[in-house]
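>>> Mind folding the following:
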Amino acid sequence: MKRWTRLLMCVVTLFGVGLTASWSMAQPAPLLSVPVAFGRGLNTAQPGNLVNHVILPDDIEVKLGGVVHFLVAGFHQVVVYKPGTQPEDIALPPAGTTFINDATNRFYQGITPAGGPAPGLPITTDPSNARNRVESVSFPASAGTGTPPSEAADPGVYLVICNVRNHFLDGMFAFVRVVP
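Residues are numbered from 1 along each chain as shown. Here you go, the predicted model:
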């Protein structure tokens, strides 16, 4: 009986160690597809709405050739800047301006959240893009061949901001580390 107890204890121990080792080895890092919350969907319009003006997580890692899926909740616009750009480098427009629109070192500019159709178009031909959408930003290893061609991404740290001036001033920015 003692032999069976020892044997059973050894088998259970080895099985437990094996499960732990295989779980830790199975964790991919960095990922090719990363979901990121861009706002929390608490769409209250008061200034200083820090609860809604957030990007989660604020430190994102993706493999070169991968995609970051921004899950946009509310009145926000995703803008990504090339490596080396810091929040203090963003040129802010005067107070009272809705969007920042700083084109210097811009890698990607997302959908304008103004909503509704362009002037003169019926609503059915251009539905609102104002709220709650997914914007997928690719960090391709090589340039695309479409018209216009997509730009190749370089490894490095990209700045992501909400292009809505007051949201950015509330600290709505994050960093995407693109690794080889």
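>>> switch to C-alpha atoms for all contacts and neighbour counts from now on
Fine.
>>> report the longest strand in this protein, please.
strand 59-72 (DSSP state E).
>>> Buried ones in that one, by neighbour count?
Judged by neighbour count using 16 or more other Cα atoms under 10 Å, the buried positions of strand 59-72 are 60-72.
>>> Let me know the closest of the residues you listed to residue 154.
Distance to residue 154, by Cα to Cα, is smallest for residue 64 among those, at 7.6 Å.
>>> hang on, the closest one packs against residue 152?
No. Look at residue 64 against residue 152 with Cα atoms under 8 Å: they stay out of range, at 9.6 Å.
>>> Touching both of the two, which residues are there?
Each of 139, 140, 141 lies in contact with both residue 64 and residue 152 under the rule Cα atoms under 8 Å, 6 or more residues apart in numbering.
>>> Just the ones of those in strands?
Those of the shared contacts of residue 64 and residue 152 lying in strands (DSSP E): none at all.
>>> From those, list the buried ones, please.
139, 140, 141.
>>> Tabulate those in TSV, adding columns for pLDDT and distance to residue 166.
Putting these into TSV (pLDDT from 0 to 100; distance: Cα to Cα, whole Å) gives the following:
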residue	pLDDT	distance to residue 166
139	91	27
140	89	31
141	83	34
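>>> All good on my end, thank you.
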